[in-house]
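Colleague: model this:
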Amino acid sequence: MNIRRNLTKVLQISFYWPFLFLFRIFLNFKVERTDNLEKAGTSFILAVNHVSYLDPISVFIALPFRLKYIPLFYMASDFFYKLLFFYRFVGAIRARKGKDLELSSRPLIEKLDQGERIVIFPEGGLNRDVPITRRARRGISYVAAKSNKLIVPLKIESNLDGTVSVLGGSVIDLLTGRHWIKIVFGKPFKIDETIGKIPESLSELRKASDGVLKRIKMAK
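Modeller: Model (predicted):
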């Protein structure tokens, strides 16, 4: 396991600057309020809205280049985890959709117990609507409740459409900088701040997860 973690760390360090350079040149990539991230320490949950297949990269390069933030682990869809073998070596953790919360969340909680950082997209899939309209899944609040870690809301705003998300969009659009991505870190919080207590029942978990989405939407 340490070998895979070290490999993930080396790969992410290697990818950071090239991707940051490309995103700033071709996607008008901007990041705001990284000061909020400093309040979360070194082990936390990044809760992010999902608007594009570029989001995992956007989230990673939005973090300041600090070894304390690397490696970063992501909950990835079962489809892409199986389809793209290299995913497991760049920080992806299989979502195990359809399994119970305890089973699907266990790998994420273990990472947090080990002092790592994880990324969860509470919507569970792409949502290109702005503002955020899709309801959140219960997993984010379950992981937060069991790990007792701070949640850092991270809002992604962009004008990327489906074509750009999947295939890179038209070359002309990319070269002329017509596309943009803006990322804003919100203030860290504990899951019990969403509903006034640590969620336990399925209904409480759902309500708390909706509260996480609201925090993402309010990040500024």
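
Colleague: give me the number of residues near Ala47?
Modeller: Ala47 is surrounded by 29 other residues when neighbours are defined as other Cβ atoms under 10 Å. The way it works is simple: take the backbone N, C-alpha and C, and place the C-beta from them, glycine included.

Colleague: whoops, Ile45 was the one
Modeller: By other Cβ under 10 Å, neighbour count at Ile45 equals 25.

Colleague: ok, now the one 5 residues further on?
Modeller: One way to gauge burial is a neighbour count; for His50, by other Cβ under 10 Å, it gives 19.

Colleague: next one: Phe21
Modeller: A count of neighbours around Phe21, defined by other Cβ under 10 Å, yields 12.

Colleague: the longest helix in the chain is where?
Modeller: Ranked by residue count under DSSP state H, the longest helix found in the chain is helix 2-26.

Colleague: is the most centrally placed residue in the chain bridged to anything, and to what?
Modeller: Averaging the C-alpha coordinates of the chain gives a centre point, and the residue nearest to it by Cα atoms, centre = their mean is Val119 (3.5 Å). Here Val119 sits in beta bridges with Leu46, Tyr74, as judged by DSSP bridges.

Colleague: report the helix or strand with the lowest average pLDDT across the protein.
Modeller: For the chain, using mean pLDDT, DSSP states H and E, the weakest element among its helices and strands is helix 162-167, scoring a mean of 45.

Colleague: quick one: the helices in this structure?
Modeller: Under the criterion DSSP H, the chain carries helices at the ranges 2-26, 35-38, 55-62, 78-83, 101-113, 139-147, 162-167, 171-175, 192-195, 202-218.

Colleague: just for the chain, where's the confidence low?
Modeller: Within the chain, the ranges that satisfy pLDDT under 70 run 1, 98, 125-134, 161-177.

Colleague: so which of the helices of the chain is nearest Ile183?
Modeller: helix 55-62 (4.4 Å; Cβ to Cβ).

Colleague: how far does the closest one sit from its chain's centre?
Modeller: Helix 55-62 has its average C-alpha position 8 Å from the chain's average C-alpha position, going by Cα atoms, centre = their mean, to the nearest Å.
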